[in-house]
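Asker: based on what follows, work out the 3D shape:
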Amino acid sequence: MDVEKMKIIHMIQGYSQSYVVYSSVELGIFNTLFTESMTNQQLAKRLKLSDPLLERLMKVLRAMDFVNKEKDRYYLTSLGKKLSRYSEQSMESMILFNGRICMKAWGFFLEGIKSNKSPIELMEDEAFFEINAGSDHRLSTFNQMMRHSSTQLDLAILFQTRNRAEVKQIIDIGGGAGDVIVQLLEGFPLAKGIILDKGYIKEEAEQTIHRHGLEERCQFVEGDFFLPLEHQSDIYILSRILHDWDDYKVSLILKNIAEAMTDTNVLFIVEKLLPERVTKQTLPAFLGDMHIWAMCNGKERTEKQYEELLRQHDLYIVRKHLLDEDVILEVRKDGQHTDSRYSYEICGAL
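Answerer: Model (predicted):
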């Protein structure tokens, strides 16, 4: 057996597994089997599918370890349960976002590379966020994915490095449905909060505020982070925002924040950092960089690249908080720091 040849075949046919997983989620297989096991005939009847064809698909899902079979009845494995919306660790929204939008856009990857234009724009003749604003279905799919991502973000480490009583105002810039700021307001009990974002997300954000009983402490403000900020705050936060944009637009966002900040304020930037070195182990990070370009013409960045962008606006990193997958760069304003080679504190497990 030619091992290298088989490796290439597995890579080039990876799309087949992606479509099997997405289609199975879209069909409702994992939601249907979450609370009860079923025979193939029962499942096919419930989902209104061809019995023989479903049996073939279920064999693939068994081989992928999403389902198992006992006495002719299918049931979910622990892996399969994560693909149901009923699981506390549900990945359904992530799978649907990738299947409905991302996988289609990647079909334009070759043309995008050749034309230096993001595949999503080639596919739909509009930028990603402009498309979302004009389509309730697209916006819902994107928001569900982002909300899942935001609720998995553990910001507790931020409460351990500052006096909670001193924080009186927090602005979540591009805060979406508000899942990040409600966590911050729980950790800083004397603070009031603002979710700054486009008007199309207002209703969902206000529902989040109401659900957490924060009507007296938090408000939604319609705004645009490419325009000057009209609100001053003790804490500004950009959670997974900057990687969506090119360097020019990131610089504009940082400029607007820097102009609103004082030396006593802090900006938290939540992102994944691109490794400086390329190894086999760093493949997911560099594929992620290509993915964010394919979807919205954005880019993942190294720590040094963030330092350089921040330094343009007299901003510098004072701490780096390490999370499971992301980092939080704690940023302050000080015109005296012009050298990017300064050292700063690292918090969290290495």
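Asker: how about the helices in the stretch 101-250 of the chain?
Answerer: 103-105, 109-115, 119-124, 128-133, 136-151, 179-187, 202-211, 247-260 (DSSP state H, counting those that start in this stretch).
Asker: which SSE is immediately downstream of the last one?
Answerer: Translated: helix 247-260. For helix 247-260, the following helix or strand on the C-terminal side (DSSP states H and E) is strand 266-271.
Asker: let's have the helices of the stretch 101-250 of the chain in TSV, adding mean pLDDT and distance to Glu330.
Answerer: Bear in mind the C-beta positions are built from the backbone N, C-alpha and C, glycine included. What follows is the helices of the stretch 101-250 of the chain, written out as TSV (pLDDT from 0 to 100; distance: least, Cβ to Cβ, whole Å):
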stretch	mean pLDDT	distance to Glu330
helix 103-105	93	34
helix 109-115	97	35
helix 119-124	91	32
helix 128-133	66	27
helix 136-151	68	19
helix 179-187	94	13
helix 202-211	94	25
helix 247-260	97	14
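Asker: out of those, which one sits most buried?
Answerer: helix 179-187 (a mean of 22; mean count of other Cβ atoms under 10 Å).
Asker: how about that helix as PDB, C-alpha atoms only?
Answerer: Listed next in PDB are the C-alpha coordinates belonging to helix 179-187 (Å, rounded to 0.1, in the frame of the first residue of the first chain):
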ATOM      1  CA  ASP A 179     -23.800  36.800  25.500                       C
ATOM      2  CA  VAL A 180     -20.400  38.200  26.300                       C
ATOM      3  CA  ILE A 181     -21.400  41.300  28.100                       C
ATOM      4  CA  VAL A 182     -23.900  39.500  30.400                       C
ATOM      5  CA  GLN A 183     -21.000  37.400  31.600                       C
ATOM      6  CA  LEU A 184     -18.900  40.500  32.200                       C
ATOM      7  CA  LEU A 185     -21.700  42.200  34.100                       C
ATOM      8  CA  GLU A 186     -22.100  39.200  36.300                       C
ATOM      9  CA  GLY A 187     -18.400  39.400  37.100                       C
END
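Asker: now for that helix, which elements pack on it?
Answerer: Packed against helix 179-187, as judged by 3 or more Cβ pairs under 8 Å, 6 or more residues apart in numbering; DSSP states H and E, are the following elements: helix 136-151, strand 169-173, strand 192-197, helix 202-211, strand 218-222, strand 235-239.
Asker: can you pull out the low-pLDDT segments for the chain?
Answerer: Applying pLDDT under 70 to the chain flags residues 131-139, 142-143, 145-148, 150, 335-350.
Asker: and if we set it to 90?
Answerer: In the predicted model, the chain carries pLDDT under 90 at residues 1-2, 9-11, 88-89, 93-94, 97, 101, 124-166, 200-201, 322-325, 334-350.
Asker: quick one on the thing from earlier: got TSV for the helices of the stretch 101-250 of the chain, with distance to Leu227 too?
Answerer: Formatted as TSV, the helices of the stretch 101-250 of the chain follow (distance: least, Cβ to Cβ, whole Å):
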stretch	distance to Leu227
helix 103-105	28
helix 109-115	29
helix 119-124	23
helix 128-133	15
helix 136-151	21
helix 179-187	20
helix 202-211	17
helix 247-260	7
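Asker: quick one: the residue lying closest to Ile157 once chain neighbours are set aside from Tyr75, how far?
Answerer: Residue nearest to Ile157 in three dimensions, not counting chain neighbours: His321, with 5.0 Å by Cβ to Cβ, 6 or more residues apart in numbering. His321 sits 40 Å away from Tyr75, going by Cβ to Cβ, to the nearest Å.
Asker: who has more neighbours, those two?
Answerer: His321 (20 against 15; other Cβ atoms under 10 Å).
Asker: quick check: that one touching Val327?
Answerer: Yes. Counting by Cβ atoms under 8 Å, Val327 is a contact partner of His321 at 6.5 Å.
Asker: which parts of the strand or helix carrying Leu53 count as buried, going by neighbours?
Answerer: Using DSSP H and E, Leu53 maps to helix 51-63. Judged by neighbour count using 16 or more other Cβ atoms under 10 Å, the buried positions of helix 51-63 are 54, 57-58, 61.
Asker: alpha carbons of that helix, as PDB, please.
Answerer: Extracted in PDB, the C-alpha atoms of helix 51-63 (Å, rounded to 0.1, in the frame of the first residue of the first chain):
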ATOM      1  CA  ASP A  51     -35.500   3.100   4.300                       C
ATOM      2  CA  PRO A  52     -32.700   1.500   2.200                       C
ATOM      3  CA  LEU A  53     -30.900   4.700   1.500                       C
ATOM      4  CA  LEU A  54     -31.000   5.800   5.100                       C
ATOM      5  CA  GLU A  55     -29.600   2.400   6.100                       C
ATOM      6  CA  ARG A  56     -26.600   3.100   3.900                       C
ATOM      7  CA  LEU A  57     -26.100   6.500   5.500                       C
ATOM      8  CA  MET A  58     -26.400   5.100   9.000                       C
ATOM      9  CA  LYS A  59     -23.600   2.600   8.200                       C
ATOM     10  CA  VAL A  60     -21.400   5.700   7.400                       C
ATOM     11  CA  LEU A  61     -22.400   7.400  10.700                       C
ATOM     12  CA  ARG A  62     -21.600   4.200  12.600                       C
ATOM     13  CA  ALA A  63     -18.200   4.000  11.000                       C
END
